[in-house]
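Novice: Kindly return the folded structure for what I paste below:
(2 chains)
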Protein chains: 2
Amino acid sequence: MYEAIKNFNKQLSYQPEIENQENLIKKSGLVIVGMGGSNLAPGLLQIWKPNLNITIWRDYGLPDWTPEKLKDKLIVLSSYSGNTEETIDAFKTARERNLPMAVISTGGKLLSLAIENSVPYIKLPDTGIQPRSALGLSVKAFLKLMGEEGELEKINELAESLKPKDYEKDGKMLAEKVKNHIPVIYASKCNSSLAYGWKIKFNETGKIPAFYNVFPELNHNEMNGFDVKNANKALCNKFYFIFLKDKEDDPRILKRMEVLEKLYEQRGLRIEKLELGEGNVWRKIFSSLVLADWTAYYTALEYGLESEQVSMVEEFKKLIL
Amino acid sequence: MYEAIKNFNKQLSYQPEIENQENLIKKSGLVIVGMGGSNLAPGLLQIWKPNLNITIWRDYGLPDWTPEKLKDKLIVLSSYSGNTEETIDAFKTARERNLPMAVISTGGKLLSLAIENSVPYIKLPDTGIQPRSALGLSVKAFLKLMGEEGELEKINELAESLKPKDYEKDGKMLAEKVKNHIPVIYASKCNSSLAYGWKIKFNETGKIPAFYNVFPELNHNEMNGFDVKNANKALCNKFYFIFLKDKEDDPRILKRMEVLEKLYEQRGLRIEKLELGEGNVWRKIFSSLVLADWTAYYTALEYGLESEQVSMVEEFKKLIL
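Specialist: Down below sits the predicted model:
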């Protein structure tokens, strides 16, 4: 895991190639099917371009839409391993209905299905890292499928200028602070996929419970659960709030964050404010994810737990067969 | 709060009426704007009919779509109080762009805006209850706007046959079990709005932290945070998992639930399995929400906290002005 984080920037020079490109059918919208880390990139793309016509699907099969609506979309099946049950099921559903498809994977059954069926695909390099660590590769593969050559160029430049080691110390310090607490990551709705990325890295790499939520919705319900009184103090005090603050967020959202920080602090809750980078949107996204990686990595170390493997997922997969 | 729960079934005989109906423009899809309890009903409608063409928007303004895509939708503004900042902002945005609209509210500024602008609206009866308690009224108002008279009839029948008191004892017992723990509610993706309803009732009525997640996504990340070892036991043991089980869920999802229950139990985690009602979908939905209401109500009592008011929201609203 240490090497995967330290070398994250190398992913950013990756040059994805589309096989069976002659069969790639351009559509006005995408339905992106995938689970966990394999379906995190689409939400990151929406931070870059909020009006992207993307539906993110994390389930078996496909959305229960009319045939007309589905036919108007490109179905993108994304599974890092290529052996994700839900995503393979979606491939078969799309195949039966003869819908336009594309596949992103390092191999496995999904890639075999793409090859057998002459479906356009991008074969990700299999460097032995975990899906949640491969977000540079994943983002670039999606941009390639979408024909966004300009953005691919911009990301290439970060391969040199983004230095993961620069974030290691901050991640280590944050892990020490959060130790013995349950992280809850807050962001604007626009940055919800970043907050979700932090959450799943704490779960999978750090091996601890963690949650996330977004402004302004959480102001209408979740925060009431943290209105600390003597009676609920023992529950509330177990949490550590990480606010992902973005100067490009709507000023009304930034005001909400400021006020909530104050209200939580007045109630004795622990909070950390992280300013996201300004300027280049890809630097903002990837630097925050690298910081999340280090924080989760050092969290596992703090607890003496293994950071790379997700043995419970492996155990689970065998039992559902 | 006690009376609001006990009398919940009376909401189900409510006969909504559309004012300015002559201005109601039928569209193939809805964008439903609202926050917290005022925007919970649309997700419940999707349990009844998963292929409803609905976009749920919980933010200021409107989705950042092309004018063509937006013009093809009916924008429904839902705010129980009528004074929700985000929803009023969305009304103004929709008005400026001359988009077809409808309003659902008990009053406040939003209802005034609807009247001033001859926008179709449904005025909910203001019985002094909280938005999260008014889901019977809210669901019926949405169905009325959608012209679903048949479903309105079916819900009418429940006004007599659904007896909230029948669920009180179970809710009280569950609150006693969950005491001193943080509830995490799990459901299938199809039933995610039910799980979310449970979560926000624990937050707002029970005044304690609570979270939710859905299958199959949580199998790919969240559950790894509950792979209990000596080192993280103190964090994991604070949680109490409530599984909402639905015989109508995909058998593969039911299998996943079963396996995870076993894995969590083997790790010493506390879980409660709740079977959702069969047959009538509205009974399934409303009976589960009533049970959530009682559980959250008795949770507040267990902690000696007030269940009705959300004083932190009121404090917050003043500070963001």
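Novice: okay, how far is it across stretch A:81-89, tip to tip?
Specialist: 14 Å (C-alpha to C-alpha, to the nearest Å).
Novice: any bit of that stretch sitting next to chain B?
Specialist: Yes: using C-beta under 8 Å from any C-beta of the partner chain, we find that stretch A:81-89 touches chain B at A:E85, A:E86. For the C-beta atoms, the positions are set from N, CA and C on the backbone; glycine is no exception.
Novice: Go ahead and name everything in contact with that stretch.
Specialist: A:33-35, A:38, A:58-61, A:77-79, A:105-113, A:131, A:317, A:320, B:216, B:252 (C-beta atoms under 8 Å, 6 or more residues apart in numbering or on different chains).
Novice: roughly how far is it from the heart of the chain?
Specialist: Relative to its chain's centre, stretch A:81-89 lies at 18 Å (C-alpha atoms, centre = their mean, to the nearest Å).
Novice: same thing with stretch A:32-50?
Specialist: 6 Å.
Novice: try stretch A:156-164
Specialist: 19 Å.
Novice: Just the buried ones out of the contacts of stretch A:81-89, please.
Specialist: A:33-35, A:38, A:58-60, A:77-79, A:105-106, A:108-111, A:113, A:131, B:216, B:252 (16 or more other C-beta atoms under 10 Å in any protein chain shown).
Novice: Only the buried residues of the lowest-mean-pLDDT helix or strand in chain A, if you could.
Specialist: One helix or strand of chain A scores below all others by mean pLDDT, DSSP states H and E: helix A:67-71, with a mean of 90. By neighbour count on 16+ other C-beta under 10 Å, the buried set for helix A:67-71 is A:K69, A:L70.
Novice: Tell me the helices and strands packed up against the helix or strand following that helix.
Specialist: Using DSSP states H and E, the next helix or strand after helix A:67-71 towards the C-terminus is strand A:73-79. Contact here means 3 or more C-beta pairs under 8 Å, 6 or more residues apart in numbering or on different chains; DSSP states H and E; on that basis strand A:73-79 packs against strand A:29-33, helix A:85-96, strand A:101-105, helix A:108-116, helix A:135-145.
Novice: okay, those, which one's buried deepest?
Specialist: strand A:101-105 (a mean of 27; mean count of other C-beta atoms under 10 Å in any protein chain shown).
Novice: what are the pairing partners of that strand, and which direction each?
Specialist: strand A:73-79 (parallel), strand A:121-123 (parallel) (DSSP bridges).
Novice: Of all residues in chain A, which one is nearest the centre?
Specialist: Nearest to the mean C-alpha position of chain A, counting by C-alpha atoms, centre = their mean, stands A:L40 at 3.2 Å.
Novice: mind listing what it touches?
Specialist: When contacts are counted by C-beta under 8 Å, 6+ apart, A:L40 touches A:R132, A:L135, A:S138, A:S193, A:Y196, A:G197, A:I200.
Novice: What of A:N180?
Specialist: Contacts of A:N180 by C-beta under 8 Å, 6+ apart are B:A234, B:L235.
Novice: Give me the nearest residue to the residue in the stretch 151-300 of chain A that chain B sits nearest to, chain neighbours excluded.
Specialist: Residue nearest to chain B within the stretch 151-300 of chain A (C-beta to the nearest C-beta): A:H220, separated by 3.1 Å. Excluding the flanking residues, the one nearest A:H220 by C-beta to C-beta, 6 or more residues apart in numbering or on different chains is B:G36, at 3.1 Å.
Novice: hmm, what's the outermost residue in chain A?
Specialist: A:N230 (36.6 Å).
Novice: For that residue, give me phi and psi.
Specialist: Dihedral pair for A:N230: phi -50, psi -40, per degrees, to the nearest 10.
Novice: give me every residue that touches it.
Specialist: Per C-beta under 8 Å, 6+ apart, neighbours of A:N230: none.
Novice: Need the pLDDT of it.
Specialist: For A:N230, the pLDDT comes out at 96.
Novice: next one: A:G147
Specialist: According to the model, A:G147 scores 96 on pLDDT.
Novice: residues near A:K238, how many?
Specialist: Using other C-beta atoms under 10 Å in any protein chain shown, A:K238 is surrounded by 18 other residues.
Novice: need the contact list for it.
Specialist: A:K238 touches A:H181, A:I182, B:I182, B:L235, B:K238, counting by C-beta under 8 Å, 6+ apart.
Novice: what comes into contact with the helix or strand harbouring the fourth one?
Specialist: With secondary structure defined by DSSP H and E, B:L235 is part of helix B:233-236. Outside of helix B:233-236, the residues that reach it under the criterion C-beta under 8 Å, 6+ apart are A:N180, A:H181, A:I182, A:I208, A:P209, A:K238, B:G225, B:F226, B:V228, B:R267, B:G268, B:L269.
Novice: Which ones among those map onto strands?
Specialist: A:I182 (DSSP state E).
Novice: Just the endpoints, please. Distance across stretch A:45-65?
Specialist: With C-alpha to C-alpha, one end of stretch A:45-65 sits 24 Å from the other.
Novice: Correction: the previous question concerned stretch A:144-154.
Specialist: With C-alpha to C-alpha as the measure, stretch A:144-154 spans 13 Å from end to end.
Novice: Give me the buried positions along that stretch.
Specialist: In stretch A:144-154, counting by 16+ other C-beta under 10 Å, buried: A:K144, A:L145, A:M146, A:E148, A:E151, A:L152, A:K154.
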